[in-house]
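1. Fold the following and give me the result.
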Amino acid sequence: MTNIPPSLQTFGQFFAKGNPFLASIGVELLHAGNGEAELTLTLRPDHMNSWHVTHGGVSMTLIDVAMALAGRTLSPTAQSCVTVDMNTRFLQPGGKPGDRLVVKAKAFHRSATLCFCEAEIRNGRDLVVHGTGTFKYLKQLDKLGKLTAPSGNGDA
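-> Alright, predicted model coming up:
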């Protein structure tokens with residue numbers, strides 16, 4: 001298991017080539033280890049939809065990344081993981097510019113090649129989004145630079 005002290009964590013530890021998208025929208029990593037991850041985002045005007053509340057794609061990005069990181073901390077040999085399935089429940093508007101969203105994710109089951117996770121986003125005390133996801137571990141890069149799945153004995 002990977003358990004990096006929060007004071008030393010950066011996305012660079014999980015994304016060898018960086019992640020320009022997460023950097024561009026301002027996502028910050030608070031913690032990742034032991035099957036859990038926590039991220040935060042201070043909302044900006046460009047995170048809003050036409051109703052001037054958090055765009056659903058921003059919320060979905062946050063839970064997707066948090067769940068994937070939570071799952072990766074349980075597989076020290078995985079170079080990455082990809083989303084196989086994700087379900088999102090929008091419970092209320094996410095927030096407005098200046099609000100700070102906190103995302104917490106937890107892996108609740110894993111197999112040799114898959115990890116099952118859940119996440120929630122809160123704006124202050126308000127639960128605004130809940131999601132679940134299935135992620136496939138990837139352990140190596142092939143010669144063309146594409147990610148490939150690990151060989152294993154099934155996904156049971």
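2. Once you drop chain neighbours, what's closest to Gly35?
-> Distance criterion Cβ to Cβ, 6 or more residues apart in numbering; nearest residue to Gly35, sequence neighbours excluded, is Ala107 at 4.1 Å. In this view, the C-beta of every residue, glycine as well, is placed from N, C-alpha and C.
3. wait, what's in contact with Phe21?
-> With contacts taken as Cβ atoms under 8 Å, 6 or more residues apart in numbering, Phe21 has the following neighbours: Thr61.
4. Helix, strand, or coil at it?
-> Following DSSP: H, G, I helix; E, B strand; the rest coil, the label given to Phe21 is helix.
5. Spell out the residue ranges of the helices in this structure.
-> Counting by DSSP state H, the chain has these helices, from start to end: 20-25, 56-72.
6. Point out the most buried one among the ones you listed.
-> The highest mean neighbour count among the helices of the chain belongs to helix 56-72 (a mean of 23), with neighbours defined as mean count of other Cβ atoms under 10 Å.
7. sorry, back to before: which residues does the residue nearest to Gly35 form a beta bridge with?
-> Using DSSP bridges, the bridge partners assigned to Ala107 are Cys117.
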